[in-house]
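> Requesting a structural model of the entry that follows:
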Amino acid sequence: MRSDTNSAEIPPGAVFAKQQDGTARQAQGQGQKERSSPAIQDLLLNALRRHRAGQLTEAARIYRQILAIDPHQADSLDLLGMIAYQAGGHELAVAMIRKAIAVNRRQASYHSNLGTVLQAQGKLDEAAACYEQALVLNPNLAEVHVNLGNIFQAQEKLDEAVARYQYALALKPELVEAHHGLGNTLQLMQDDMLEEAVACYERALALQPSHAQAHYNLGCALRALGKVDEALTQYRMALALQPDYIAAGFRESLAQLLRGDFPSGWHNYEKRWQCKPIDHGTPMRAYSQPLWAGETLASGRLLIWGEQGVGDEIMFAGLLPDVLRTGNRCVLDCDARLKPLFTRSFPGIDVVSGQVSGNGLGNDPGHGPELDIAAHLPCGSLPGLFRTTRAAFAATTSPYLIADPVARERFRARYTDADANGKRLVGLAWHTNNRKTGRYRSIDLSLFAPLFARPGIRWVSLQYGDHDALQSQAAAASATILIDRSVDQIANIDIFAAQIAAMDMVIAIDNSTAHLAGALGIPTWVLLPFAPDWRWLRERVDSPWYPTLHLFRQPKRGDWQSVVQRVWSAL
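Residues are numbered from 1 along each chain as shown. The predicted model follows:
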């Protein structure tokens, strides 16, 4: 599932805008040294003035005029390449700047500008090599250190990135982008660097209050620190400065939902479709039929389709009974792994998987039968229709998913054999592979040692992953936990649901196991980090999405020990 914490953003090209004047000044001086023709020098000065003024078409015309006189005039090749870069012509820009470098390999700005273009193309290793060469020729180019830091940050070489930003600040203490980049990198490192990241953003904003990205990233850092109201203020300041700042608008929605401001939160949640794929992993489908607005359709059927991750599809499926109460005939297009479970659980809905194409809605060859779709809606938009108040969550039924009863009994019999000796079955999930937030949400298995020592409990692993690796983790933690190698919790969710349904209770971190257990109506204790995902709201110990859930929250960042102690006491 996608989460909303710790999402730093580096605006591409922002440092180049600062660097361009410096590059132009260096090029001007180099041109005066290399060229003896007064005519060329006059033309170059005129072109540079227009370039700085943003008159790119006229500047480009003059650069070409110079090259007609002297095809090897390196400054004109380089700066004409930068104009091509500014116009989006990256390949042409690379070719022009390489020609400049072939004429004069000792000019640092040429290598730096080539790095800028290659970085924009996503060729990070090549760009880094260019920046390194520029710094060999001139180690005092602070903006180039920032560019290199940005690359290291993108490559998750965080220590190297920090070093580059600090070097840039030693050269230019007032360089806003160095403070901003340093803050982004610190935000991506271990929890204990978040306060330092906040300080960097605040320094950047003291130097440049109109820096929208710094307001946004400051909001992300504050959100990770649990300061939701302050984060919301920063997102709104970013939007005031840049109204089309989609990421800030989307983060605003998540903060609003976390606070329980459902009407505004769901409204702004629709901005997820305009976000980058890294922020929202599902693209909007290009259907010709309209988005459903909650009405009873005069004819045809309603298509609800899944988005984001399996956990999200499970959570939003709790609103399908609300959809059916509108009197519409419904088709649900879900993850293939959920199809057996959803088919059993929602007999009034036609459940398909991957059969509803972008244009034909199932009518295209190879995409299943005629579906007669009149309207459609992504499942994440259902709460905006049916859960706009706290009271509206009372409509959530529990359970709303039904596990295979035969498989459930088979697991139950296996786990309550003679060796179990009447012990309660408690399932445990302790890890998530989420790349962004997994380190905050996961718990080392060894921390559960006090729980394993409790008598009267048979612990069963509900953790997805390689069975050998899980067994190694259990051995290293001296964990007395059963790992059932017959269950692949990722590939076969229907069998996994039956395994969960066999439990007396479940203890899980914030991962898909918690959602599935809650939807099955199993008593479930969810262990949450200090700054949890938006769906868990603030402070409360219950969940409006799943009536059988009880929430255990970290009292401070990183403090899982006290959470486990509270669970031990509750057991």
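
> can I assume Ala449 is in contact with Thr480?
No - applying C-beta atoms under 8 Å as the test, Ala449 and Thr480 come out as separate, 9.8 Å apart. The way it works is simple: take the backbone N, C-alpha and C, and place the C-beta from them, glycine included.

> Report the contact partners of Asp322.
382, 385-386, 395 (C-beta atoms under 8 Å, 6 or more residues apart in numbering).

> Report how many residues lie close to Pro243.
10 (other C-beta atoms under 10 Å).

> any idea whether it is helix, strand or coil?
coil (DSSP: H, G, I helix; E, B strand; the rest coil).

> Please tabulate the contacts of Asp322 in CSV, including the columns distance to Ile443 and pLDDT.
Output for the contacts of Asp322, formatted as CSV (distance: C-beta to C-beta, whole Å; pLDDT from 0 to 100):
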residue, distance to Ile443, pLDDT
Leu382, 31, 98
Leu385, 36, 97
Phe386, 33, 97
Ala395, 33, 92
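
> Which among those count as buried?
Neighbour-count burial (16 or more other C-beta atoms under 10 Å) applied to the contacts of Asp322 gives 382, 385-386.

> got a markdown table for those, with distance to Leu92 too?
As requested, these are exported to a markdown table (distance: C-beta to C-beta, whole Å):
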| residue | distance to Leu92 |
| --- | --- |
| Leu382 | 48 |
| Leu385 | 49 |
| Phe386 | 52 |
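
> Helices - which of the residues you listed land there?
385-386 (DSSP state H).

> just the buried ones among the contacts of Asp322 now: which is nearest Glu295?
Nearest to Glu295 out of the buried ones among the contacts of Asp322 is Leu385 (C-beta to C-beta; 10.1 Å).

> How are the helices of the stretch 301-450 of the chain distributed by residue range?
310-316, 320-324, 339-345, 383-386, 405-415, 438-441, 449-452 (DSSP state H, counting those that start in this stretch).

> pLDDT below threshold where in this protein?
1-36, 191, 277-280, 357-370, 418-420 (pLDDT under 70).

> domain assignment for the chain?
Following automatic domain parsing, one finds the domains of the chain at 14-205, 209-281, 301-395, 405-570.

> In JSON lines: these, plus distance to Tyr287.
Listed next are the domains of the chain as JSON lines, based on distance: least, C-beta to C-beta, whole Å:
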{"stretch": "domain 14-205", "distance to Tyr287": "31"}
{"stretch": "domain 209-281", "distance to Tyr287": "13"}
{"stretch": "domain 301-395", "distance to Tyr287": "5"}
{"stretch": "domain 405-570", "distance to Tyr287": "26"}
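
> closest to Glu295 out of those?
Nearest of the domains of the chain (C-beta to C-beta): domain 301-395, 7.5 Å.

> Now do the end-to-end distance for the closest one.
Domain 301-395 has an end-to-end distance of 23 Å (C-alpha to C-alpha, to the nearest Å).

> Tell me where the stretch 451-571 of the chain has strands.
With DSSP state E, counting those that start in this stretch, the ranges of strands along the stretch 451-571 of the chain come out as 457-461, 481-482, 505-509, 524-528, 549-553.

> Nearest to Leu303 among the ones you listed would be which one?
Going by C-beta to C-beta, the one of those nearest Leu303 is strand 549-553, 29.5 Å.

> what helices or strands is that closest one leaning on?
Identification of packing neighbours for strand 549-553 by 3 or more C-beta pairs under 8 Å, 6 or more residues apart in numbering; DSSP states H and E yields strand 524-528, helix 560-570.

> Dump it to CSV, keeping only the CA atoms.
Taking C-alpha atoms only, strand 549-553 is exported to CSV below (Å, rounded to 0.1, in the frame of the first residue of the first chain):
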residue,chain,number,x,y,z
LEU,A,549,-9.5,-3.8,15.5
HIS,A,550,-7.7,-2.4,18.5
LEU,A,551,-4.8,0.0,17.9
PHE,A,552,-1.6,0.2,19.9
ARG,A,553,0.3,3.4,19.1
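
> hmm, back to that, among the helices of the stretch 301-450 of the chain, which is the most enclosed?
Each of those was scored by mean neighbour count; the highest is helix 310-316, a mean of 23, by mean count of other C-beta atoms under 10 Å.

> Show me the contact partners of that helix.
Contacts of helix 310-316 (C-beta under 8 Å, 6+ apart): 1-2, 306-307, 334-335, 337-338, 379-380, 382-383, 401, 493, 511-512, 514-516, 519, 535, 545.

> try stretch 164-177
14-15, 18, 140, 142-143, 145-146, 148-149, 152, 178-179, 181-182, 185, 204, 207-208, 211, 214.

> buried residues in that stretch?
Those would be 164-165, 167-169, 171-172, 175-177, for stretch 164-177 by 16+ other C-beta under 10 Å.

> try stretch 110-130
Those buried within stretch 110-130 under the rule 16+ other C-beta under 10 Å are 110-120, 123-124, 127-128, 130.

> Out of those residues, which sit inside helices?
110-120, 124, 127-128, 130.

> okay, among those residues, which ones form the most distant pair?
Tyr110 and Leu124 (19.1 Å).

> Helices of the stretch 101-250 of the chain, residue ranges please.
All helices of the stretch 101-250 of the chain, identified by DSSP H, counting those that start in this stretch, fall at 108-120, 124-137, 142-154, 158-171, 176-188, 194-207, 212-224, 228-241, 246-258.

> now the ones you listed in JSON lines, with distance to Ala498?
Shown next, in JSON lines, are the helices of the stretch 101-250 of the chain (distance: least, C-beta to C-beta, whole Å):
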{"stretch": "helix 108-120", "distance to Ala498": "50"}
{"stretch": "helix 124-137", "distance to Ala498": "46"}
{"stretch": "helix 142-154", "distance to Ala498": "43"}
{"stretch": "helix 158-171", "distance to Ala498": "42"}
{"stretch": "helix 176-188", "distance to Ala498": "39"}
{"stretch": "helix 194-207", "distance to Ala498": "41"}
{"stretch": "helix 212-224", "distance to Ala498": "37"}
{"stretch": "helix 228-241", "distance to Ala498": "38"}
{"stretch": "helix 246-258", "distance to Ala498": "32"}
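
> nearest to Ser264, of the ones you listed?
Comparing those under C-beta to C-beta, the one sitting nearest is helix 246-258, at 5.0 Å.

> Between helix 212-224 and the closest one, find me the angle.
30 degrees (axes from the mean of the first three to the mean of the last three C-alpha atoms, to 10 degrees).

> C-alpha coordinates for helix 246-258, CSV please?
C-alpha atoms of helix 246-258 as CSV (Å, rounded to 0.1, in the frame of the first residue of the first chain):
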residue,chain,number,x,y,z
ILE,A,246,-0.3,18.6,-7.0
ALA,A,247,1.8,16.8,-4.5
ALA,A,248,1.2,19.4,-1.9
GLY,A,249,-2.6,19.3,-2.6
PHE,A,250,-2.6,15.5,-2.2
ARG,A,251,-0.6,15.6,1.0
GLU,A,252,-3.0,18.2,2.3
SER,A,253,-5.8,15.6,1.7
LEU,A,254,-4.0,12.9,3.7
ALA,A,255,-3.4,15.3,6.6
GLN,A,256,-7.1,16.3,6.5
LEU,A,257,-8.2,12.6,6.6
LEU,A,258,-5.8,11.9,9.4
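
> Quick check: chain neighbours aside, which residue is closest to Ala474?
Leaving out its chain neighbours, the residue that sits closest to Ala474 by C-beta to C-beta, 6 or more residues apart in numbering is Ile481, at 5.3 Å.

> That neighbour contacts Leu451, doesn't it?
No - contact criterion C-beta under 8 Å: Ile481 and Leu451 do not qualify, at 9.9 Å.

> Now do the shared contacts for these two.
Joint contacts of Ile481 and Leu451 (C-beta under 8 Å, 6+ apart) are Trp459.

> Show me what Ala375 is bridged to.
Beta-bridge partners recorded for Ala375 (DSSP bridges): Leu302.

> This completes my enquiry, with thanks.
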